[in-house]
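Participant: Generate a structure from the sequence data that follows.
(chains A, B and C)
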Amino acid sequence: MTATATRRNARPNGWYGMVILVATEASLFGTLMASYVYLRFQTAVWPPHGVAAPSATAPTVLALVLVASALPMAYAAHAADRGRRRAALAGIACALVIQAVYLGFQIHLYADDLSRLSPSRDAYASIYFTLLAVHHIHVGVGILLDLWLLARLSRRLTPYRRTAVSAVAFYWYFVAIVGLFVTATITSPTW
Amino acid sequence: MAVGTAARERVERLDRIWQERPGFTGWLTTTDHKRIGILYLVTSLAFFAAGGVEALVMRTQLAQADERVVGPGTYDQLMTMHGVTMIFFFVIPLSIGFFGNYLVPLMIGARDMAFPRMNALSYWLYLGSGILLYSGLALGHAPDAGWFNYVPLASRKFSPGTGVDFYALGLILNSVSSTAAAANFLVTIGRLRAPGMSLNRMPLFCFAILATSFSLVFALPALTTDLVFLELSRKFGLHFFDVGRGGNPLLWQDLFWIFGHPEVYIIVLPAFGIATSIIPTFTRRRMAAFPLVALAELLVAFIGFGVWVHHMFATGLPEIAMIFFAAASLIIVIPSGIQIFAWCMTMVTGKPEYRTPLLFIVGFILFFVFGGLSGIMLAAIPFDQQVTDTYFVVAHFHYVIWGAAVFPLLGGLFYWFPKVTGRMYDERLGQTTFWLVFIGTNVTFFPMHISGMLGMPRRVWTYPGHLGWGPENFISTLGAFFLTGGLVLMAVNLVVSRFRGPLAGPNPFGGATLEWATSSPPPSYNFAVIPKVSSPYATWDEDDRETDPQRLERGDFVLEGGHLTPGTTPVDGHMDEILAMPEESPWPITLAFVATLGTAFILANHLIMAAAMAALAAAVLVAWHSGEPEAA
Amino acid sequence: MVSLARAPRLTTLLQAYGIVAPPLAWTVQLVIGYGFAIAACGEGGVSGGIGLHPWQGTVALVAGLVAGSAWGGALWLHAATGRGEIDDPLGRVRFLSTIGIVIGVIFLTLIAFTAAGTLTTHGCRE
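Facilitator: Below you'll find the model as predicted:
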């Protein structure tokens, strides 16, 4: 047995680290959504009187857009693994544009909601705005990660940076999927 | 056997490569898991002393009826700080921050943890969160709503001061530290085991840390959510817990205990791991039913996620909802029992040598059984509803947290003292310490079962004389001081031995795991040659250990070309890649400082400054990741 | 009865199923059982028209079947390794089937205890 293994079979450590981070964030979202369900099923009227149920169209479309942005991210990770720096850059840049547009729309909707409903009105408003905000923050962090990747990849593609691309891609798969769950939870009064 | 020239040169090269900056700055930038472990050790023991003083003041106040040593407001702060300090700032940092950090890489034959800089970050965040919390105390704003901080008491309406905010924000910061540590252990155990160490050849202590880390990853988010809800309610008037606005105070309790119960298993699992390390050494026998013990540790962690409502049996929930948790609280005894049987069988069929570490483990087993018995009693809903919020519960959890979780830690401090310091402690003083602490523990906590059943409520700052609780309380207080005497003796023993104890050599007790196969203390690179592993008792495998010097001479798995350690496959431990470890770095302490400062700004309601700190933290992270360790 | 000697996929599936299915079955029983009880007995009285005992009984039955079948699978696998039917050079299959048996017993007991508790309570009594 020699100490010169060149082909790796297991994933790189940084990727595993991201998987664990995703596990904790998934648990976080799990508790937030469980809190929504808990509060919802202890009242007969949800949303409470005087509060309009959220529309389902815009949030659903946006959630699907975010899922779509995972495709260029996956392409970027695939390209990075094969050492194709420019292709990876292109994939990340494309994903970034979609994600930024997505977040822009979401912030607009959020501000719009805030103008009509105060989070401190009642439990419904509290959990609604908090759950959404936590997801938007995760998207924001993801965008920052994209920007960082673009900066790092603008010069060279080292093994470290290759791991970074696959880790960030995994993060985005998670944020996109959890976005579907959050959207489903938020729009559940309309089912 | 003479050491060949090639071997000596390799060792010199390793020394040079792995050497860190000397002096004080070296400690600030260290990424060496052993030095980080020692930082955790010293800090956690300091918090232990603080928590202990808090307990002694409480016991003095309660020694007799109608005492006025402290008033109710101070008592509430002492009680809250005692609980928070002992759990978050003493037991867990000592178990995983010191024992876990120091030992896991050594036991798996690695040169460091998977993420050495993040390891340092975990420590500095822990220190920062502790300083933040205790600055609250210093400013007269210690949290005072109990360690579990129930709403509505903890709401802005009933706790208008900032104490509760110190609690919430301090713990959120602390949870980042613990989550990072858990992630580090999971990847380290998964990928840095020495080639040949498949999962079934991994020491049981590492299985315990594995179970603990999984629990941390899935439990902490519940607490984070709860604390975020609380702070949003307190600072911005949101209504998660307010009945009048569609909220529910039980939401706080549910989320808290979804975290809180796994937390107590997080507290005790490393202690199980320590017990399974000490017993084989002092009984000269392999652990009985090794795979079942490993499985039991993982099962306890898993089932522990499904028992949380047993902390809420007296909240008026319907029986049909609570019964799930009564069932699980009973069943969790099975994996605990499997471990107890295995430990006892190993001792009974081995040749036990009752030196100090093993004495503490015997004490641990007795306390665990006893505390487990009072636990089963509490699992029965009708009984629990009689004794909830009485001293019976205080007795139960001190038997399991102090008796079962801390005794192995004390035993472990003695056991690994020679490894960490290179010197031997005084055995006679050690045994005296054990008896003082063992007797003191029983004298302190046993009477609480009785005062509890006589109706003495928890968290009271004083009690009237005519209820007959006086004698039990007085005895408990005597026990507490007696126990403290034992601990002081232990401190004296270890501190003096650190400087004047006889040299211990690499393996004074004949231990079986790999930390005993290297010098005491280990060199910065842990092992000159990555050990060959064929079983969980690698140091006892003489054939393998005999090959080490030859392999060192040949350069087989010495990896002296850089800051390197082998990466292996997660299940089978097959050699997979050479991992480059980062060198010491100023970024972890910087990031921790910025994060602590940011949290303090949130506490003080300076949200713009807090946002600025977040931006600064992002910049530090970018700087951090600009240092890319490269394999040579 | 299928011999496991020429069914490597089934062997792998049974190993995984035996270890993962019983804990998962209990977890689902706990989450949807507790959740339903809280919702139905809470202020909202939300129960979708389903009675407490029918719900808990069905959930327990399904959980019991899943855990039971996983346990059965582990027993079968264990026996097959004992008969030498399965290629098992590292002893891994035997090991995992043993673990599966232990896990099956523990979680089946837990599911049964829970069922006994939830099916003998009276309505939403506190």
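Participant: okay, CA-based contacts and neighbour counts for the rest of this
Facilitator: Noted.
Participant: In space, what's closest to residue 75 - neighbours in sequence excluded?
Facilitator: Picked chain A for this. Nearest non-adjacent residue to residue A:75, counting by Cα to Cα, 6 or more residues apart in numbering or on different chains: residue A:91, 6.0 Å away.
Participant: actually it's chain B I care about, not the one you picked
Facilitator: Closest to residue B:75 by Cα to Cα, 6+ apart is residue B:461, at 5.8 Å.
Participant: close to chain C, is the lengthiest helix in chain B?
Facilitator: Among the segments of chain B that qualify as a helix by DSSP state H, the longest is helix B:249-283. No: judged by Cα under 8 Å from any Cα of the partner chain, helix B:249-283 makes no contact with chain C; its nearest approach is 11.0 Å.
Participant: Give the buried residues for that helix.
Facilitator: Of the residues in helix B:249-283, B:250-283 count as buried by neighbour count, 16 or more other Cα atoms under 10 Å in any protein chain shown.
Participant: Remind me what the helix or strand following that helix packs against, helices and strands.
Facilitator: As assigned by DSSP states H and E, the chain's next helix or strand after helix B:249-283 is helix B:290-303. With contacts taken as 3 or more Cα pairs under 8 Å, 6 or more residues apart in numbering or on different chains; DSSP states H and E, helix B:290-303 sits against helix B:204-236, helix B:249-283, helix B:333-349.
Participant: tilt between helix B:290-303 and helix B:333-349?
Facilitator: Counting by axes from the mean of the first three to the mean of the last three Cα atoms, to 10 degrees, helix B:290-303 lies at 150 degrees to helix B:333-349.
Participant: List the contacts of whichever residue of chain C sits closest to chain A.
Facilitator: In chain C, the residue that lies nearest chain A is residue C:44 (4.0 Å; Cα to the nearest Cα). For residue C:44, the contact set (Cα atoms under 8 Å, 6 or more residues apart in numbering or on different chains) comprises A:41, A:42, A:43, A:44, A:45.
Participant: in a helix, that's where it is, yeah?
Facilitator: No: Residue C:44 sits outside any helix when classified using DSSP: H, G, I helix; E, B strand; the rest coil, being coil.
Participant: just the helices in chain C please.
Facilitator: Under DSSP H, chain C gives helices at C:8-41, C:52-82, C:92-119.
Participant: Dump those to a markdown table, plus mean neighbour count and distance to chain A.
Facilitator: Formatted as a markdown table, the helices of chain C follow (neighbours: other Cα atoms under 10 Å in any protein chain shown; distance: least, Cα to the nearest Cα, whole Å):
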| stretch | mean neighbour count | distance to chain A |
| --- | --- | --- |
| helix C:8-41 | 21 | 5 |
| helix C:52-82 | 20 | 15 |
| helix C:92-119 | 21 | 20 |
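Participant: There's contact between the residue nearest to residue A:75 and residue A:80 in this structure, I believe.
Facilitator: No: checked against Cα atoms under 8 Å, the pair residue A:91 and residue A:80 is beyond contact range at 9.8 Å.
Participant: More neighbours: which of these two?
Facilitator: Ranked by neighbour count (other Cα atoms under 10 Å in any protein chain shown), residue A:91 and residue A:80 place residue A:80 first, with 26 against 23.
Participant: What separation do you get for residue B:230 and residue B:328?
Facilitator: As defined by Cα to Cα, to the nearest Å, residue B:230 lies at a distance of 29 Å from residue B:328.
Participant: do residue B:124 as well
Facilitator: Per Cα to Cα, residue B:124 is found 37 Å from residue B:328.
Participant: swap in residue B:606?
Facilitator: Using Cα to Cα, residue B:606 is found at 45 Å from residue B:328.
Participant: who has more neighbours, the two?
Facilitator: residue B:328 (26 against 13).
Participant: Could you list the buried residues of the helix or strand hosting residue B:16?
Facilitator: Assessed by DSSP H and E, residue B:16 sits inside helix B:5-18. Buried residues in helix B:5-18, counted by 16+ other Cα under 10 Å: B:7, B:10, B:11, B:14, B:15, B:17, B:18.
Participant: Averaged pLDDT, it. What do you get?
Facilitator: Mean pLDDT, computed over helix B:5-18, is 92.
Participant: next helix or strand past that helix?
Facilitator: For helix B:5-18, the succeeding helix or strand toward the C-terminus, using DSSP H and E, is helix B:23-29.
Participant: For that following helix, list every residue counted as buried.
Facilitator: B:27, B:28, B:29.
Participant: Dump those to TSV, plus distance to residue B:493 and pLDDT.
Facilitator: Below are the buried residues of helix B:23-29 laid out as TSV (distance: Cα to Cα, whole Å; pLDDT from 0 to 100):
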residue	distance to residue B:493	pLDDT
B:27	25	97
B:28	28	97
B:29	30	97
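Participant: the residue most distant from the middle of chain C, which is it?
Facilitator: Distance from the C-alpha centroid of chain C peaks at residue C:43, with 31.8 Å (Cα atoms, centre = their mean).
Participant: contacting residues for the residue in chain C that chain B sits nearest to?
Facilitator: Nearest residue of chain C to chain B, counting by Cα to the nearest Cα: residue C:126, 4.0 Å away. Going by Cα under 8 Å, 6+ apart, residue C:126 touches B:316, B:317, B:318, B:319.
Participant: Can you list the low-confidence ranges for the chain?
Facilitator: Just going to use chain A. A:1-7 (pLDDT under 70).
Participant: Please refer instead to chain C.
Facilitator: Counting by pLDDT under 70, chain C has low-confidence residues at C:1-2.
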